[in-house]
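Participant: Just the structure for this:
(one chain, ligands or ions: 2)
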Amino acid sequence: MVNDFISLVDFSGDELLGLLDFADELRAKQHAGEPHPLLFGKTVAMIFEKPSLRTRVTFETGIFQLGGQSIFLETRLGQRETVPDMAKNLERWVHGIVARTFSHEHVLELAEHASIPVINALTDLSHPCQILADVQALRAHKGADLGSLKVAFVGDGNNVFNSWANFAARVPLNLTLVCPEGFEADGGIVAEAQASARGTIEITHDIAAGVRDADAVYTDVWASMGQEEEEAQRRQAFHPYQVNASLMAHAKADAVFMHCLPAHRGDEVTNDVIDAPQSIVFDQAENRLHAQKAVLATLLK
Ligand code: CP
Ligand code: NVA
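Facilitator: Numbering: from 1, shown residues only. Ligands and ions are numbered 1, 2, ... in the order given. Reported below is the predicted structural model:
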């Protein structure tokens, strides 16, 4: 297994399913109150350039539950010193680096210059921790036969979708991006996923066709962190793609609703959908804790 957790395509399908099984095991232990100090005596530096609720709290809490210590660093990479210099300092003191950055290149650069594991906690390009937690929730609600499931991702072909495509490149799954023209996701990631996927990976602008028979309907904000200036223009483009009751009606009757959160209620999703019993958004959020603990305990052991 590779040393860093930067992209889901860096792992085999079996490795990803193994991490998910481990995350389930850690969830059971946590719920049972069973100690699991797998990172005893280890320290993790957490570099965040962007705001966070879920990622920060679940990493810090998870590291504590594993018996380790986290140090939160709110900073912009490459400004006070070079990224390689930062990497070469941190590797002398800590056992791992968690990084949330604007530039994906900065996470790659940290990994290149630090001998310790680097974990991608979201970049402009991808968000692998999110998808591991999402699939853990999807399996809990829809069973482990992911190859029989269709996930319709409605909205922006953004960092979260890119990581779904990375996952679908390695584990059989039917993934459809339903988006307005011009928001089709990273071409290289989609092409690579389509070339290696054992399930299907499709992109459509047709809402009814894209959502038809979906087992899960997923959405995310229309303007991601760093795209605030495009918000008004994006709202216009994405408005027809709002996940509301009439859009959900195209999916299977028992389809779950998924969102990485934070949600902009009334924009990409209506309250009746996100608050419905079929919404599993808080299971996804809880699983950030368990899935990231599995990644940390695997890479830092
Ligand atoms: N889903 C997610 O990554 O949430 P935060 O931005 O709050 O960490
Ligand atoms: N696409 C969103 C995800 C937030 C967790 C963003 O990058 O802001």
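
Participant: Output stretch 169-188 as PDB, nothing but the C-alphas.
Facilitator: The C-alpha trace of stretch 169-188 is given here as PDB (Å, rounded to 0.1, in the frame of the first residue of the first chain):
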ATOM      1  CA  ALA A 169     -12.100   3.500 -11.000                       C
ATOM      2  CA  ARG A 170     -11.100   0.900  -8.500                       C
ATOM      3  CA  VAL A 171     -14.300  -0.500  -7.000                       C
ATOM      4  CA  PRO A 172     -17.300  -1.600  -9.200                       C
ATOM      5  CA  LEU A 173     -20.100   0.900  -8.900                       C
ATOM      6  CA  ASN A 174     -22.400   2.800 -11.400                       C
ATOM      7  CA  LEU A 175     -21.800   6.500 -11.100                       C
ATOM      8  CA  THR A 176     -23.500   9.200 -13.100                       C
ATOM      9  CA  LEU A 177     -22.700  12.900 -12.900                       C
ATOM     10  CA  VAL A 178     -25.800  15.000 -13.700                       C
ATOM     11  CA  CYS A 179     -24.600  18.500 -14.200                       C
ATOM     12  CA  PRO A 180     -25.200  21.700 -16.300                       C
ATOM     13  CA  GLU A 181     -23.000  22.200 -19.400                       C
ATOM     14  CA  GLY A 182     -19.600  23.400 -18.500                       C
ATOM     15  CA  PHE A 183     -19.400  21.800 -15.000                       C
ATOM     16  CA  GLU A 184     -18.400  18.300 -16.100                       C
ATOM     17  CA  ALA A 185     -15.500  17.500 -13.700                       C
ATOM     18  CA  ASP A 186     -11.800  17.000 -14.300                       C
ATOM     19  CA  GLY A 187     -11.400  15.500 -17.700                       C
ATOM     20  CA  GLY A 188      -8.300  13.500 -16.900                       C
END
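
Participant: Buried residues of that stretch, list them for me.
Facilitator: 169-171, 173-180, 183-186 (16 or more other Cβ atoms under 10 Å). (Glycine included, C-beta is placed from N, CA and C.)

Participant: got it, and stretch 275-283?
Facilitator: Going by neighbour count (16+ other Cβ under 10 Å), the buried part of stretch 275-283 is 278-281, 283.

Participant: Tell me where the stretch 151-300 of the chain has strands.
Facilitator: Along the stretch 151-300 of the chain, the segments classed as strands by DSSP state E, counting those that start in this stretch run 174-178, 201-204, 216-219, 256-259.

Participant: for the first one, packing partners?
Facilitator: Here strand 174-178 is seen to pack against strand 150-154, helix 159-168, strand 201-204, helix 207-211 when contacts are counted using 3 or more Cβ pairs under 8 Å, 6 or more residues apart in numbering; DSSP states H and E.

Participant: Paired strands for that strand, with orientation please.
Facilitator: Paired neighbours of strand 174-178 in the sheet (DSSP bridges): strand 150-154 (parallel), strand 201-204 (parallel).

Participant: Alpha carbons of the first one, in CSV - could you do that?
Facilitator: What follows is strand 150-154, C-alpha atoms only, in CSV (Å, rounded to 0.1, in the frame of the first residue of the first chain):
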residue,chain,number,x,y,z
LYS,A,150,-26.3,3.4,-9.0
VAL,A,151,-25.1,6.7,-7.5
ALA,A,152,-26.4,9.9,-9.2
PHE,A,153,-24.2,12.9,-8.3
VAL,A,154,-26.3,15.9,-9.1
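
Participant: next helix or strand past the helix or strand where residue 85 lies?
Facilitator: Assignment of secondary structure by DSSP states H and E places residue 85 within helix 83-93. Tracing the chain C-terminally past helix 83-93 and defining elements by DSSP H and E, one meets strand 96-100 next.

Participant: Not counting that following strand itself, show me its contacts.
Facilitator: 42, 44-50, 52, 55, 59, 70, 77, 87, 90, 106-107, 110, 114, 116-123, 296, 299-300 (Cβ atoms under 8 Å, 6 or more residues apart in numbering).

Participant: Try it again at 7 Å.
Facilitator: Residues from elsewhere that reach strand 96-100, judged by Cβ atoms under 7 Å, 6 or more residues apart in numbering: 44-50, 52, 55, 59, 90, 107, 110, 114, 116-122, 296, 299-300.

Participant: cool, stretch 1-14 as well?
Facilitator: The contact list for stretch 1-14, computed with Cβ under 7 Å, 6+ apart, reads 15-16, 107-108, 111, 117-120, 126, 128, 131, 163, 166-167, 169-171, 192, 295, 299.
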